[in-house]
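Peer 1: Sequence and predicted structure below; questions after.
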Amino acid sequence: FQKASLLPKMTLGIAQIDSSLDSLGMHDKLCISGIQTQSLVERICVRAQLPSKYGGFQSRVLLIDGANTSDLYLGVEFAQQYGLDVKKTLEGIISSRTFTVYQIANLIIYELQNAIRHYEVKTLVISNLLYFFTNDEFLSSKEMRYILKRVIKSLEKITDCLLVITTSYPTQYDQMLYEICTKTIKIEIGRAHV
């Protein structure tokens, strides 16, 4: 057994959010919804690589880009702000882009656990998870709900790795994500609710 105080914790480096979150552990599941979520995604991908004394896990990050919205330049800016080697920081982000509901579902349901072990990541970020589920005009709501339930069941099984899921705009399926998350951040114009 380890004392909880000795387990690595991550912070976002934003005082208003960090004071409410009480730091993030590797058993947490964080859902971030609302505007400007992608800037938090890029920040998390960089901060996770910091040593624990600076609020990181000193580990690579696995990023599943659910709507092709990754912003490499923003990641570079954060790395420079923290005084990190940009090339090494970018190499520490293992990125996978998906372009359909079926690709993201297959990745999460069948490949994710092995990828986490293979790359030895302590942070998994899935940006815009619900994008294809809510923007595929050929997917019936019955099939979509079935696939999403399987995806969420797979995400529930993730342990020993901080899981961060983002959604850009409210959907009828947000509550399904909130139920598996230990912490949530809802970003609205001018404020964030933790």
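Peer 2: Happy to help now that I have it. Please read all numbers here as calculations on a predicted model, not as lab measurements. Numbers count the residues shown, from 1 in each chain.

Peer 1: From now on I want contacts and neighbour counts done on CA atoms only, so please keep to that.
Peer 2: Noted.

Peer 1: need the longest helix for the chain.
Peer 2: Longest helix in the chain by number of residues (criterion: DSSP state H): helix 141-156.

Peer 1: angle of the helix or strand just after that helix against helix 141-156?
Peer 2: Next along the chain after helix 141-156, taking DSSP states H and E as the criterion, comes strand 162-167. Strand 162-167 runs at 160 degrees relative to helix 141-156, counting by axes from the mean of the first three to the mean of the last three CA atoms, to 10 degrees.

Peer 1: how about the helices in the protein?
Peer 2: Under DSSP H, the chain gives helices at 15-21, 37-47, 72-81, 86-91, 101-106, 112-119, 131-135, 141-156, 174-178.

Peer 1: Mean neighbour count added to these, as CSV?
Peer 2: Formatted as CSV, these follow (neighbours: other CA atoms under 10 Å):
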stretch, mean neighbour count
helix 15-21, 13
helix 37-47, 22
helix 72-81, 16
helix 86-91, 15
helix 101-106, 18
helix 112-119, 14
helix 131-135, 18
helix 141-156, 15
helix 174-178, 15
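
Peer 1: Out of those, which gets nearest to Ile189?
Peer 2: Comparison of those against Ile189 by CA to CA identifies helix 37-47 as nearest, at 11.8 Å.

Peer 1: Summarise which helices and strands that closest one is packed against.
Peer 2: Applying 3 or more CA pairs under 8 Å, 6 or more residues apart in numbering; DSSP states H and E, one finds that helix 37-47 contacts helix 72-81, strand 123-127, strand 162-167.

Peer 1: if we go to 10 Å?
Peer 2: strand 29-34, strand 61-65, helix 72-81, helix 86-91, strand 93-97, strand 123-127, strand 162-167, strand 183-188 (3 or more CA pairs under 10 Å, 6 or more residues apart in numbering; DSSP states H and E).

Peer 1: circling back to that earlier point, relative to Phe57, which of the helices of the chain is closest?
Peer 2: Closest of the helices of the chain to Phe57 is helix 37-47, at 8.0 Å (criterion: CA to CA).

Peer 1: In the chain, where is pLDDT below threshold?
Peer 2: Scanning the chain for pLDDT under 70 picks out 1-7, 190-194.

Peer 1: again, only this time at 50
Peer 2: Filtered on pLDDT under 50, the chain yields the residue ranges 2, 4.

Peer 1: re earlier: can you name every helix or strand that the longest helix of the chain contacts?
Peer 2: By 3+ CA pairs under 10 Å, 6+ apart, helix 141-156 packs against helix 101-106, helix 112-119, helix 131-135, strand 162-167, helix 174-178.

Peer 1: mind putting the ones you listed in TSV, distance to Thr37 included?
Peer 2: Below are the helices and strands packed on helix 141-156 laid out as TSV (distance: least, CA to CA, whole Å):
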stretch	distance to Thr37
helix 101-106	19
helix 112-119	22
helix 131-135	13
strand 162-167	7
helix 174-178	15
